[in-house]
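[1] Sequence first, predicted model second:
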Amino acid sequence: MKFGTKAIHAGVSPDPTTGAIMTPIYQTSTYVQESPGKHKGYEYSRTHNPTRTALQNALAALENGKHGICYASGLAATDAVLKLYRPGDEIIATNDIYGGSYRIMKRIFEPLGLVFHFVDMSEINHIKEVISEKTKMIWIETPTNPLLKIIDIEEITALCREKKIASVVDNTFASPYLQNPLDMGADIVMHSVTKYLGGHSDTVMGALITNDDTLAANLAFIQNASGAVPGPQDCFLVLRGIKTLHIRMQRHCENAMIVASWLEKHPKVNKVYYPGLPSNPGHALARRQMRGFGGMLSFELKGDVYEEAVRTMERLRVFSLGESLGGVESLCTHPASMTHASIPKEERIKVGLKDTLIRLSVGIEDAEDLIADLEQAIG
């Protein structure tokens, strides 16, 4: 089954009671049992809910996985993965990483005894230098947030198998439409479902997908025991959203390429970070690893003047200034003060995240209007 067909049909079926083609919203907290412990597969909605089950099956299918587990947010999903480890365990993570991931690792789990190493994963030797007998997991984010670096998933997961280390890939920026890390050897794929999978900026959710039965059982146990589960209404919204994922991603990719190419030629733009540009260092790897280059890009203005970057963002009219990404509407974000503010400035500077960097989530509007908006804002 090809992706577009899978996005519409996989994991769902008409309601057996009424024939409704859309999965119902099972807005219930509990389920009537025939006898103590004798039920129809559902006993309490923190543990299981039919709407959530349909979504979990659909997401697993999109990532070519066996098991999908949904959480109340992307960070709740990240939290569940990190709870698999114990004090003294070491984890290697991408250094150009979402600020919320950095925050939960450094400020929640590091004080509890986990040890984190943040490295540049563009060279596998950087990973090998910090691997020890205590290393239990490698956390990959590709494309990275916000500098859009491309990391070789197959190369790193092969190293993980050799060293008997778990591998997790944050696939939020790419979505299952553009790459499937499980097919490249990853043990777990993480998504902030809030973004491209939901696609309409109307829900917050996270998900983990795996082919490993034991991992799935452990993650489902954490899901139930910790209780960070999404409600059925949100699950319904995401089920609706993923039916158009392939169509939306095609337009996101087309528009982002147009915007990135235009920005690269603009006399006031110093640098554009987008793997679709042939000038980008990760372009060749992205062509091999992904089926498209995505809807995310970042850029810097010449002169490296913070105030001018702020004025540019304030002048945008079609692009809205706000957190998040992956919705049908175009968004502009200032990573240093918004999505990555929890990362100390000295750490941001080390990885090349300047205070003047502007990140764009390119939506599915008409590209001509997006260009016109950027032109009037940059001046």
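    Received the coordinates, thanks.

[2] use CA for all of it now, contacts and neighbours both
    Will do.

[3] So the nearest residue to Leu360 once chain neighbours are set aside: helix, strand or coil?
    Closest residue in space to Leu360, ignoring its immediate chain neighbours: Cys332 at 4.7 Å, by CA to CA, 6 or more residues apart in numbering. With DSSP: H, G, I helix; E, B strand; the rest coil as the basis, Cys332 sits in strand.

[4] got the contact list for Cys332?
    Residues counted as contacts of Cys332 (CA atoms under 8 Å, 6 or more residues apart in numbering) are 313, 319-323, 358-361.

[5] now do 10 Å
    Counting by CA atoms under 10 Å, 6 or more residues apart in numbering, Cys332 touches 297-298, 313-314, 316, 318-325, 358-362.

[6] Which PyMOL command selects the buried ones in the residues you listed?
    Here is the PyMOL command that selects the buried residues among the contacts of Cys332 (16 or more other CA atoms under 10 Å):
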select buried, resi 297+298+313+316+318+319+320+321+324+325+358+359+360+361+362
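
[7] Of the contacts of Cys332, which belong to helices?
    Per DSSP state H, helices hold the following members of the contacts of Cys332: 313-314.

[8] ok, residues contacting the lowest-mean-pLDDT helix or strand in the chain?
    Of all helical and strand segments in the chain, the minimum by mean pLDDT, DSSP states H and E falls on helix 345-351, at a mean of 89. Helix 345-351 is contacted by residues 95-97, 99, 118-120, 147, 335-337, 340-343, 352-355 when judged by CA under 10 Å, 6+ apart.

[9] buried residues in that helix?
    Under 16+ other CA under 10 Å, the buried positions of helix 345-351 are Arg348.

[10] Backbone torsions only: list them for Ser324.
    phi 80, psi -170 (degrees, to the nearest 10).

[11] Please look at it and Ser361 and confirm they touch.
    Yes - with contact defined as CA atoms under 10 Å, Ser324 and Ser361 form a contacting pair (8.3 Å).

[12] Residues that sit against both of these two, list them.
    331-333.

[13] got TSV for those residues, with pLDDT and distance to Lys265 too?
    As requested, the shared contacts of Ser324 and Ser361 are exported to TSV (pLDDT from 0 to 100; distance: CA to CA, whole Å):
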residue	pLDDT	distance to Lys265
Leu331	98	21
Cys332	97	20
Thr333	96	21
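
[14] Look up how far Gly37 lies from the spatially most central residue of the chain.
    With distances taken as CA atoms, centre = their mean, the chain has Thr172 as the residue nearest its mean C-alpha position (1.7 Å). According to CA to CA, to the nearest Å, Thr172 and Gly37 sit 38 Å apart.

[15] Okay, buried residues for stretch 223-239 please.
    223-224, 228-239.

[16] any idea how the protein splits into domains?
    Domain segmentation of the chain under automatic domain parsing yields 3-242, 245-378.

[17] Who are the packing partners of the helix or strand encompassing Leu159?
    In the assignment (DSSP states H and E), Leu159 maps to helix 153-163. In terms of contacts (3 or more CA pairs under 10 Å, 6 or more residues apart in numbering; DSSP states H and E), helix 153-163 is packed against helix 124-128, strand 135-141, strand 166-170, helix 283-289.

[18] Need these in CSV (columns: mean pLDDT, mean neighbour count and distance to Lys268).
    As requested, the helices and strands packed on helix 153-163 are exported to CSV (pLDDT from 0 to 100; neighbours: other CA atoms under 10 Å; distance: least, CA to CA, whole Å):
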stretch, mean pLDDT, mean neighbour count, distance to Lys268
helix 124-128, 97, 14, 34
strand 135-141, 98, 24, 30
strand 166-170, 98, 23, 33
helix 283-289, 98, 16, 23
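
[19] So which of the ones you listed is nearest Leu263?
    Leu263 lies closest, by CA to CA, to one member of the helices and strands packed on helix 153-163: helix 283-289, at 16.9 Å.

[20] where exactly do the helices run in this structure?
    3-9, 50-62, 74-82, 99-103, 124-128, 153-163, 175-178, 213-226, 232-242, 245-265, 283-289, 306-315, 345-351, 367-378.

[21] Those: lowest mean pLDDT?
    Least confidently modelled of the helices of the chain is helix 345-351, at a mean of 89 by mean pLDDT.

[22] Kind regards, and thank you for your time.
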